[in-house]
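Enquirer: coords please:
(one chain, ligands or ions: 1)
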Amino acid sequence: MVDLESLKKRFLEKTRRSQIAFENAKSSIPGGVQGNIKFFSPYPLSFTTAEGAWMTDVDGNRYVDYLLSFGALMLGHGHQVVRQAIEEVWERYGTTSFGVPYDLELEMASTIQGLYPSIQAVRFTNSGLEATLLALRLGLAYTNKTHIAKFDGHYHGGHEQVLINTTLHGSPSKANDSFAPHADSLNLPPYYTDHTIVLPFNDLSRCDQILRKHRDEIGVVLLEPVQAGYIPPAPLFLKEIRKLTSELGIILIFDEVKTGFRVALGGAQQYYDVAPDLTALGKVLGGGFPIGAVGGRSDIMQLCSPQRSFDPSEVVFHSGTFNGNPMSLMAGLRTIQYLTRPGCFDQIVTTTNLLRHQIESLGQSHNLAIRTNGVGTIFNIEVAETSRPDSDTNFQASKFMREALDFALMYHGIFSKPFNRFSISAVHGYSEVQATLDAFDKSFSDISN
Ligand code: PLP
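Expert: Now for the predicted structure:
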């Protein structure tokens, strides 16, 4: 049996200053973090600097970073392209925020349209949260219906309407389980659970049944086309959901905040060749600065044009002081342009696949059952409790083993945050891959002993 406590203990001994930073912060900053997802027990690591694919914590420990600011940093930390983009903003505009229209907005809109043909018009926001909020508002206004349908275990940011079943609550094995909406935040007003229908990912026949039953109430279906950024849709699942929602007069929203510019440059919609009505983007789009965007069919998007009416009740409201600010747009635009250079994106996918393959082989050589799962430049790792199950269906992923692996990996200098997926960047090169495989080798030894 793996001794999780001693794996944790040796890591905690290496990170005493992070513990002190946490103790100092936690009464002023709940949990010591700027977002609940950023916490892990017994205390989150505190960092001082970052460069390229590396981060350094307050104890001076260096890590190859696979969290990459939750996937946002496709060019790693402090890339020259992003630094130059910021210089360019100063030189070209002399300000960090106009708050009113300027040329870069259209330049970025056209770039997005070029990569995402389903996007005929676009509005910028400051976060992915705001993007899914606006997308839902547009979809409900367009259909004039009252309910949204979302998938069990899908995360769309921290607003009331989507803080339901953000983690898995349904049991796919029970044929009649209703996947009852479950609030994932304290005292969420019952309005939201009452107006949400929960769907099972990759179970087309039950989605069909549920959507047909509630077709008169459901205005939008919102989903992560690749669940949690790394669990792929079943073959044809997205295409069938597309067909079904079109038939039932329901707006289909792809939340591509994680998958945009990561599963493919044109997101999961390009990879799986499915055009949603609306798309939410974020993360990579901002080149490391705060951003979100909603784009899609022109007839839906134009519902938020103030030209529709002087009467606010006839226009979908959308505003934000920093929407479309030059820092985020320029850093994002230059990042996307860099990624579209011949071979650049493919190289990141190749590195990702190489890492996945080597991690799985290393696991095997340690007699551990290891699986990786993912698409494009994101993957996650599962470790089974028993070594070498005799078939894939016997593979029982173990939370305990994963936690042991995470603490071993952090000890050996790999950071993705415990239980989190791995994101790869353009600056994860040969030496980072070697350092990573070396750390995996040692960590697998630790957890197989
Ligand atoms: N949607 C998805 C799929 C996400 O992964 C996230 C963030 O992780 C969001 C929305 C929210 O984005 P943000 O954190 O920028 O508000």
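Enquirer: quick one, grab the pLDDT at Arg62.
Expert: Note on Arg62: pLDDT of 98.
Enquirer: quickly note the distance from it to Thr386.
Expert: 34 Å (Cβ to Cβ, to the nearest Å). For the C-beta atoms, the positions are set from N, CA and C on the backbone; glycine is no exception.
Enquirer: do Gly296 as well
Expert: Distance from Gly296 to Thr386, by Cβ to Cβ: 46 Å.
Enquirer: who has more neighbours, those two?
Expert: Gly296 (27 against 13; other Cβ atoms under 10 Å).
Enquirer: isn't that one up against Gln113?
Expert: No: look at Gly296 against Gln113 with Cβ atoms under 8 Å: they stay out of range, at 10.8 Å.
Enquirer: what touches both of these two?
Expert: Residues touching both Gly296 and Gln113 (Cβ atoms under 8 Å, 6 or more residues apart in numbering): 119-120.
Enquirer: can you pull the pLDDT of Trp54?
Expert: 99.
Enquirer: poorly predicted segments of this structure, please.
Expert: 171-178, 387-390 (pLDDT under 70).
Enquirer: tell me which residue in it sits closest to the ligand.
Expert: Per Cβ to the nearest ligand atom, Gly128 is where the chain lies closest to the ligand, at 2.2 Å.
Enquirer: how much space between that residue and Lys258?
Expert: Gly128 is 8 Å from Lys258, by Cβ to Cβ.
Enquirer: for these two, list the residues in contact with both.
Expert: Joint contacts of Gly128 and Lys258 (Cβ under 8 Å, 6+ apart) are Lys283.
Enquirer: show me what contacts Gln270?
Expert: Counting by Cβ under 8 Å, 6+ apart, Gln270 has contacts 115-116, 263-264.
Enquirer: which residues does Asp299 contact?
Expert: Tyr142.
Enquirer: please identify the helix or strand for it.
Expert: helix 298-301 (DSSP states H and E).
Enquirer: the very next helix or strand once past that helix close to the ligand?
Expert: Where DSSP H and E defines the elements, the next helix or strand beyond helix 298-301 is helix 326-339. No: judged by Cβ under 6 Å from any ligand atom, helix 326-339 and the ligand are separated, with a smallest distance of 11.2 Å.
Enquirer: and the residue nearest to Tyr116 when sequence neighbours are not counted, how many neighbours?
Expert: Counting by Cβ to Cβ, 6 or more residues apart in numbering, the nearest residue to Tyr116 once its immediate chain neighbours are dropped is Gly266, at 5.6 Å. The number of residues packed near Gly266 is 19, by other Cβ under 10 Å.
Enquirer: phi and psi next, for Gly266.
Expert: phi -90, psi 20 (degrees, to the nearest 10).
Enquirer: report the separation between it and Lys145.
Expert: Taken as Cβ to Cβ, the span from Gly266 to Lys145 is 29 Å.
Enquirer: near the ligand, which residues of the stretch 151-300 of the chain are found?
Expert: 155-157, 224, 255, 257-258, 282, 292.
Enquirer: relative to the whole chain's centre, how far out is stretch 333-341?
Expert: Between the centre of stretch 333-341 and the centre of its chain there are 19 Å (Cα atoms, centre = their mean, to the nearest Å).
Enquirer: try stretch 327-346
Expert: The answer for stretch 327-346 is 18 Å, by Cα atoms, centre = their mean.
Enquirer: contacts for it next, please.
Expert: 74-75, 79, 81-82, 84-86, 88-89, 96, 104-105, 107-108, 111, 115, 124, 126, 261, 264-265, 284-291, 322, 377, 426.
Enquirer: buried residues in the host helix or strand of Leu7?
Expert: Following DSSP H and E, the helix or strand that holds Leu7 is helix 4-14. Neighbour counts using 16 or more other Cβ atoms under 10 Å place 7-8, 11 of helix 4-14 among the buried residues.
Enquirer: what's the helix or strand immediately after it in the chain in contact with?
Expert: Remark: after helix 4-14, the chain's next helix or strand is helix 16-25, criterion DSSP H and E. Contacting residues not belonging to helix 16-25 are listed as 12, 32, 42-46, 57-59 [Cβ under 8 Å, 6+ apart].
Enquirer: kindly recompute the last result at 6 Å.
Expert: With Cβ atoms under 6 Å, 6 or more residues apart in numbering as the contact definition, helix 16-25 has outside contacts at 32, 43, 45-46, 57-59.
Enquirer: could you restrict those to the ones contacting the ligand?
Expert: Near the ligand, by the rule Cβ under 6 Å from any ligand atom, you find none of the contacts of helix 16-25.
Enquirer: secondary structure and neighbour count for these - can I get that in JSON lines?
Expert: Converted to JSON lines, these look like this (DSSP: H, G, I helix; E, B strand; the rest coil; neighbours: other Cβ atoms under 10 Å):
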{"residue": "Gly32", "secondary structure": "helix", "neighbour count": "19"}
{"residue": "Tyr43", "secondary structure": "coil", "neighbour count": "20"}
{"residue": "Leu45", "secondary structure": "coil", "neighbour count": "21"}
{"residue": "Ser46", "secondary structure": "coil", "neighbour count": "18"}
{"residue": "Asp57", "secondary structure": "strand", "neighbour count": "20"}
{"residue": "Val58", "secondary structure": "coil", "neighbour count": "16"}
{"residue": "Asp59", "secondary structure": "coil", "neighbour count": "17"}
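Enquirer: so the residue nearest to Tyr116 is in contact with Leu115, correct?
Expert: Yes: counting by Cβ atoms under 6 Å, Gly266 does reach Leu115; the two are 4.7 Å apart.
Enquirer: what would the contacts of Gln270 look like in CSV with distance to Gln209 and neighbour count?
Expert: Formatted as CSV, the contacts of Gln270 follow (distance: Cβ to Cβ, whole Å; neighbours: other Cβ atoms under 10 Å):
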residue, distance to Gln209, neighbour count
Leu115, 35, 18
Tyr116, 31, 26
Val263, 28, 26
Ala264, 31, 19
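Enquirer: so which of those belong to helices?
Expert: Among the contacts of Gln270, the ones falling in helices (DSSP state H) are Leu115.
Enquirer: so which of the contacts of Gln270 comes closest to Arg356?
Expert: Nearest to Arg356 out of these is Val263 (Cβ to Cβ; 14.4 Å).
Enquirer: separation between that closest one and Val162?
Expert: 21 Å.
Enquirer: please apply the same query to Ile348.
Expert: 29 Å.
Enquirer: same question for Gly363.
Expert: Counting by Cβ to Cβ - Gly363 and Val162 are separated by 35 Å.
Enquirer: before we move on, what about Glu107?
Expert: In terms of Cβ to Cβ, Glu107 sits 30 Å off from Val162.
Enquirer: those two - which one has more neighbours?
Expert: Each of Glu107 and Val162 has its neighbours counted (other Cβ under 10 Å); Val162 has more, 23 against 13.
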